[in-house]
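Here's a sequence, model it:
(chains A and B)
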There are 2 protein chains.
Amino acid sequence: MISKKMQKLVENNSVIREMFEEGKRLEKIYGKENVFDFSLGNPSVPAPKEVNESIIKIIKEEDSNFVHGYMSNSGYEDVREKIANSINKKFSTNFKFNNIIMTVGAASGLNIVLKSILNPEDEVIVFAPYFSEYNNYIQNYDGIVKVIKPNLKDFMPNLEEFEKSINEKTKAVLINTPNNPTGVIYPEEIIIKLTDIMKEKESKFNNPIYLISDEPYRELVYENITVPYVTKYYDNSMIVYSYSKSLSLPGERIGYVVIPDELENSQEMIDAVTIANRIIGSVNAPSLMQRVIANCLDVNVDIESYNKNRNLLYKILLENNFKCIKPQGAFYIFVKSPIPDEKEFCKTAKKYNLLFVPASSFGCPGYVRIAYCVPYEMIKKSEESFSKLAKEYKM
Amino acid sequence: MISKKMQKLVENNSVIREMFEEGKRLEKIYGKENVFDFSLGNPSVPAPKEVNESIIKIIKEEDSNFVHGYMSNSGYEDVREKIANSINKKFSTNFKFNNIIMTVGAASGLNIVLKSILNPEDEVIVFAPYFSEYNNYIQNYDGIVKVIKPNLKDFMPNLEEFEKSINEKTKAVLINTPNNPTGVIYPEEIIIKLTDIMKEKESKFNNPIYLISDEPYRELVYENITVPYVTKYYDNSMIVYSYSKSLSLPGERIGYVVIPDELENSQEMIDAVTIANRIIGSVNAPSLMQRVIANCLDVNVDIESYNKNRNLLYKILLENNFKCIKPQGAFYIFVKSPIPDEKEFCKTAKKYNLLFVPASSFGCPGYVRIAYCVPYEMIKKSEESFSKLAKEYKM
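The predicted structure is shown next:
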């Protein structure tokens, strides 16, 4: 007697659970140290020491009712001001505390933004491959997910198809760069082209089309590549940020939404997103963690650890003739399956205790996602398995 | 260009903000210490010392990736098991970890339960006076709020009207005891009558009707009055609990949902609620706080402080001939307005720097809610204002 919407989700969920249980089964047979689980996007690098130091300092020094109490639904004003100042310093923007709304991670941030803008049947455009939870977030508010086919050459957005796909029902475009699952970063040139198309279509349909930028991986960037700050290119932009990866705090559920003054009727949008934050039940972002991250705005996890993992795994893949592009950010490598049915390929990989995610679930069949947020030693140890897997496919 | 649903909410919100700003305005004129703000349900008693001790111990001793990392969407298994055992010990129930789903406070708990059960146009019955956010939570999933008129004699549920109101569209009944705003507790006798009616209607309509018990005030009880545990009286029950008041952690957003095995297709419901927790964006309840409350299951805030406040405020109200019943739990007194228009009464009260919440917003016009989760000294100091207010109405 659960709701009709949830019935479908519960059915699909059993497939995911089977995958998870398969991993557990392998671990039981071969021992945890001999199973190479590259399927999870769970940070392997610990939070910087400043995080835990800050927790202890706040608990010891500040008033308990203040630290653990209610504040405005959009978060502590001083925390929001510090975040605004930190963004302004990094990106030469001009935000004030009022432009920042603290959220229960990026997942809640996306939900409250989508709840604030979507009427039933409104369309949201996403570029494949994309994080499949977007489907749920959009459908939560009876929106329609419009998927732009993947550009298999370099995984940059397919702008030709994009331009044709925008219509009077298009309410938003959702991008994620650095990208899960491909690890690519959209350069400024692409952001300019993408937003130029959106500006033209806004004029044509005389409706705002929101650019929602989901940025949990913003700080996980290699070789100093720049990730453009989209509010500088397009007025109707909203940024959804999370500290899950930048400070390795995924379980703590802390992030924020940026709504710039340049956005049409921005105060109304700020009010709507704040109310949505309250009524979906978040009420406010966790209070202690708000205060903690305000003390850690100039701190990042040890990105060099992820970089070492990236370089080693990329080398192993190339040496075994797998096809992939070297990721510029995040902690995933997106690899072409040697056979069209990548689910079958994942099954074969399991024979060598290698666990990948088939990319059908990212809207890009024929590929797999390999997450390298794992111990370096595990990657080293997995080399033989990759080599055996490649041999099986005569690569 | 915000969604139609949100437009109404943003308009209403400005009224609430005006009230809040009126309080700030009074504080500026008369000084914070001379404004008697009884309008907020924000705990005034600090978290027990065990909470902060536990935070420091966990941060110092446990692995950072474990404490701040992802776990199952329903929470850490060991935390859920400890909670299940603690409930079993207190109420002679028989829950296992699987029956407990950790949530971002009770507000999220209610949202994910309602999302899991409601199809559009399904009805949820609430008893006035009731917490007005229930309207939003139910309407989030296109459900219809069916309000049972208040029983002004003792604020127990009006069971005659209730019985008549249940029909084939009734999906759930939502109760809140100890109650916000009245402070009453439903005794066992009432729970038996209420659930007997529900059982009869379940048979009649051949459909489960869920009893959702919202219990953020369960531990805030005076004079050792018993709060019945509803799963013992009715199979299709779900409990929504929060540590916001019992441990004074409202900002931390930590609570849980109980789904008993006796509930029809309970595993399907557990799966649905867990998925809903994930897809509304909570993903999981804040990780550190899950581990903290597991260490504090036998601890409560200093309830005697609230009791002292209750006794003093009740005495002041009686001495000034205000009509109210003595609350048995929570931290509110529900007072009859001396004039039918309680909003007008609240305006008059403001002349004496007394801030109350008009109970129209709780579905019970003609009454006001006075929250006594305030410093004891403030109540003492407010006595003269209450006396002046009573005189103005010749009470």
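
got a list of what A:A349 touches?
By Cβ atoms under 8 Å, 6 or more residues apart in numbering or on different chains, the residues touching A:A349 are A:L355, A:F356, A:V368, A:S385, A:L389. C-beta: built from backbone N, CA, C; applies to glycine.

Also within reach of chain B: list those from those.
Contacts with chain B are made by none of these, judged by Cβ under 8 Å from any Cβ of the partner chain.

got CSV for the residues you listed, with pLDDT and distance to B:F155 too?
Below are these laid out as CSV (pLDDT from 0 to 100; distance: Cβ to Cβ, whole Å):
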residue, pLDDT, distance to B:F155
A:L355, 94, 57
A:F356, 95, 59
A:V368, 97, 60
A:S385, 98, 67
A:L389, 98, 68
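
which of those residues tops the neighbour count?
A:V368 (28 neighbours; other Cβ atoms under 10 Å in any protein chain shown).

For that residue, grab phi and psi.
phi -130, psi 150 (degrees, to the nearest 10).

all helices of the stretch 201-350 of chain A, in order?
Ranges of helices in the stretch 201-350 of chain A, per DSSP state H, counting those that start in this stretch, are A:266-279, A:287-294, A:303-319, A:342-351.

Mind putting those helices into TSV with mean pLDDT?
TSV is the format used below for these (pLDDT from 0 to 100):
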stretch	mean pLDDT
helix A:266-279	97
helix A:287-294	98
helix A:303-319	98
helix A:342-351	96
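
looking at those helices, which is buried most?
Among the helices of the stretch 201-350 of chain A, ranked by average contacts under mean count of other Cβ atoms under 10 Å in any protein chain shown, first place goes to helix A:287-294 (a mean of 25).

Show me what that one is packed up against.
Packed against helix A:287-294 by the contact rule (3 or more Cβ pairs under 8 Å, 6 or more residues apart in numbering or on different chains; DSSP states H and E) you find helix A:49-61, helix A:64-67, helix A:77-91, helix B:287-294.

Next, format the ones you listed as JSON lines and append distance to A:A107.
Formatted as JSON lines, the entries for these read as follows, by distance: least, Cβ to Cβ, whole Å:
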{"stretch": "helix A:49-61", "distance to A:A107": "20"}
{"stretch": "helix A:64-67", "distance to A:A107": "24"}
{"stretch": "helix A:77-91", "distance to A:A107": "18"}
{"stretch": "helix B:287-294", "distance to A:A107": "14"}
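
for chain A, which spans come out with low pLDDT?
Low-confidence segments of chain A, defined by pLDDT under 70, are located at A:14-17.

Which one of the contacts of A:A349 is nearest to chain B?
Chain B has its nearest neighbour among the contacts of A:A349 in A:L355, at 16.3 Å by Cβ to the nearest Cβ.

List the contacts of the closest one.
Applying Cβ under 8 Å, 6+ apart, one finds that A:L355 lies in contact with A:E22, A:G23, A:L26, A:V35, A:F36, A:D37, A:F38, A:S39, A:C346, A:A349.

The first one - that's part of a helix, no?
Yes: assignment of A:E22 by DSSP: H, G, I helix; E, B strand; the rest coil places it within a helix.

For the stretch 1-150 of chain A, just list every one of the helices.
Secondary structure of the stretch 1-150 of chain A by DSSP H, counting those that start in this stretch: the helices cover A:4-30, A:49-61, A:64-67, A:77-91, A:105-117, A:133-139.

Deepest-packed of those helices, please.
Mean neighbour counts were compared across the helices of the stretch 1-150 of chain A using mean count of other Cβ under 10 Å; the top stretch is helix A:105-117, at a mean of 28.

I'd like to know if that helix reaches chain B anywhere along the stretch.
Yes: with Cβ under 8 Å from any Cβ as the measure, helix A:105-117 is seen reaching chain B through A:G105, A:A107, A:S108, A:G109, A:L110, A:N111, A:I112, A:K115, A:S116, A:I117.
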